[in-house]
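Chemist: here is my input, please return the structure:
(2 chains)
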Amino acid sequence: MSIFNRTRTAVLACAFLSVTPLFTQETALDPLSSLKIDLPPDAPLNLISTSMGDGSRATSRGGAIVLDLHMGLTLRNSGLKHIRGVTLLITAQEFAPGGKGSVARPSIDVPPGENFTLPIDIRLVRPVRETAGPLVRVQLDGVLFDDLSFYGPNKLNSQRALTFWEVEAQRDRAYFKQALQARGEKGLQQEILASLAKQADRPQLDVSLMRNGRAVGSTVPATDHVAQFAFLNLPGAPVQPLEGWAAISGNEARSPQIEVVNNSGKPVRYVEIGWLVKDKQGREYLAGSVPASETTMVLPPGQRTRLQQDTALKFSRSGRPIEIDGMTAYVSQVEFADGRVWVPSRRDLDSSPLLRVTAPSPEEQRLADIYSKKGLAALVAELNRY
Amino acid sequence: MGTMNHPRDNDLALLAGGEAGRIRRFLLDRHVRTCADCQETIAEYRELRSAMAEPGLPDLNWNFLAADMRANIRLGLEAGACVGTTHVFRRWNPKLGIAFASLAFLVVAGFFLRDLRPLRIPNTVPTVDAATVLRSTGSEVEIRTGSRSLALLNHHGDAANQTVSARGDIETRYIDSETGAVTINNVYLQ
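Modeler: Below is the predicted model of the structure:
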């Protein structure tokens, strides 16, 4: 080693030893001061308390703030109706153009005057210099009541999401109640065991999603090929998919486009298509959904429209990319112009083995969990509650 | 019989001219007294020295040359005075010293730090399209732009069902192990 290298190493070591404590030092901040919770004064919910769980901390490390929040918001139904679902909007300053989140609690039945707790677990990393004001803001986006009426600013279209979850919950509660009435507790047990088996077998993918960066309909790169969707036509669907395709490159699918026709007698303002992908080994996965544009669509009876999204999705499983070999689509949600919604019936969902990979509804997931943890009697009591 | 170590020629030359130091002269004298070769060398140096002491000079008019040189010097000084005052050169200029010290510091610092790449977090608000990636794993959904990130995590890391919308959002749905209620986290790209 030359004298220059020895000198340089020595100076760097001294500099490192003197500077390292400055960068590794964690400066504890107050997590509560990093958070602002806004509920409108006329909201049917009151904030009763905010509890910070273990591990909640806001630390300044080097040039960044790392905020870890594990908290529970205890809210009270201060309205006059039973609450069926709540959505809170989570925003962080530095992602002002986008990058917002939400925490929703569907499938609940909270009578007037009763409390319930909503967990919020957030991790935020951002530069230390942008510290003016709270780091995270929590606002009410919507409350759905048992008569499907709604309260809230609805910035995230929470009304639609909460309504779909509630209609799915009513469908599945009715299904399991019918099994109980028709076949007794043994019949209910068989159905709930089948649901648990289906959930356990359901393969899940890790997905990363980003904006495509090119216009929809632009030239497809040479490495891509255009793959067409195959369709599952559900008998009772008011909207039918006609044709569709997406650009595929290895484990990436981008710019899906699907043309649909309104076969119902009512105008439709929202359609969502369920999207299944098949890998080279023939395994099917639920890749996601292709929804209609939020604001522009009103589809009269008999008319066609094209659902298209300019995003790229990459699929992997256990860190390994999933090579896409085929795609299937089906209509999963429809909202009519009058606010009523359609979801596939249980018979529709059982009509094809492909649909075994679809996610259970939140309510079916909750009922199965009650059976797993508390047994059949608790499940029967829950179904008889409302 | 061992071989004798003779002093170097330049030491002998200094001794011959009477210019060696005291200690050196003492040591050299001790050797030369018993060494015929060195005595001969010193004698040659002394002859050469006496021969150089009276060199023959050319036959020149030295007084004329001196007067000519004085006139040229005077002429140069007067010409300089006509052009203007000249800055006298200073041996020490503090400002110049500071400037050179700063330059030297920059050069040295650049040398030592040339391979270091300090972590910098951009302080501008990014746009969503600037390589913003939304990703899900079993227990969280995270949106990341460069070194900034926002993640919604499942309470206690409970296992979740996830749904991706091509519109630009990912939803994870899990059962809260404390309350048995379903919680749905959703992170949006816009």
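
Chemist: stretch A:118-133: which residues count as buried?
Modeler: Using 16 or more other Cβ atoms under 10 Å in any protein chain shown as the test for burial, stretch A:118-133 gives A:L118, A:P119, A:I120, A:D121, A:I122, A:R123, A:L124, A:V125, A:R126, A:P127, A:V128, A:E130. Every residue, glycine included, has its C-beta placed from N, CA and C.

Chemist: what segments of the chain are helices?
Modeler: You didn't say which chain, so I picked chain A. A:3-24, A:158-201, A:346-349, A:362-374, A:376-385 (DSSP state H).

Chemist: other chain: chain B
Modeler: Using DSSP H, helices in chain B cover B:9-16, B:22-34, B:36-52, B:62-83, B:94-113.

Chemist: what about A:L234, how many residues nearby?
Modeler: A total of 22 residues lie near A:L234 under the criterion other Cβ atoms under 10 Å in any protein chain shown.

Chemist: surely it touches A:V334?
Modeler: No. A:L234 is beyond contact range of A:V334, at 10.5 Å (criterion: Cβ atoms under 8 Å).

Chemist: spatially nearest residue to the residue of the stretch 151-300 of chain A found nearest chain B, not counting backbone neighbours?
Modeler: As assessed by Cβ to the nearest Cβ, chain B sits closest to A:G288 within the stretch 151-300 of chain A, at 3.3 Å. What sits nearest to A:G288 in space, not counting adjacent residues and going by Cβ to Cβ, 6 or more residues apart in numbering or on different chains, is B:V164, at 3.3 Å.

Chemist: next: A:A230.
Modeler: A:T328 (4.8 Å).

Chemist: cool, B:V141 as well?
Modeler: B:V141 sits nearest to B:V187 (Cβ to Cβ, 6+ apart), 4.3 Å away.

Chemist: now A:P106
Modeler: A:P106 sits nearest to A:W165 (Cβ to Cβ, 6+ apart), 3.8 Å away.

Chemist: burial measure for that neighbour, as a count.
Modeler: A:W165, neighbours per other Cβ under 10 Å, totals 24.

Chemist: you'd agree it is up against A:S361?
Modeler: Yes. If you go by Cβ under 8 Å, A:W165 and A:S361 touch, sitting 7.0 Å apart.

Chemist: so which of the buried residues of stretch A:118-133 sit within strands?
Modeler: A:L118, A:P119, A:I120, A:D121, A:I122, A:R123, A:L124, A:V125, A:R126, A:P127 (DSSP state E).

Chemist: so what pLDDT did the last one get?
Modeler: So that's A:P127. Here, the pLDDT recorded for A:P127 equals 76.

Chemist: for it, name its beta-bridge partners.
Modeler: For A:P127, the beta-bridge partners are A:A64 (DSSP bridges).

Chemist: check the third one too.
Modeler: The bridge-partner assignment for A:I120, based on DSSP bridges, gives A:M71.

Chemist: the residue nearest to A:A230 and A:D350, how far apart?
Modeler: 16 Å (Cβ to Cβ, to the nearest Å).

Chemist: more neighbours: which of the two?
Modeler: A side-by-side neighbour count of A:T328 and A:D350, using other Cβ under 10 Å, places A:T328 first with 19 against 11.

Chemist: that one reaches A:A227, doesn't it?
Modeler: No. With contact defined as Cβ under 8 Å, A:T328 does not count as touching A:A227 (10.9 Å).
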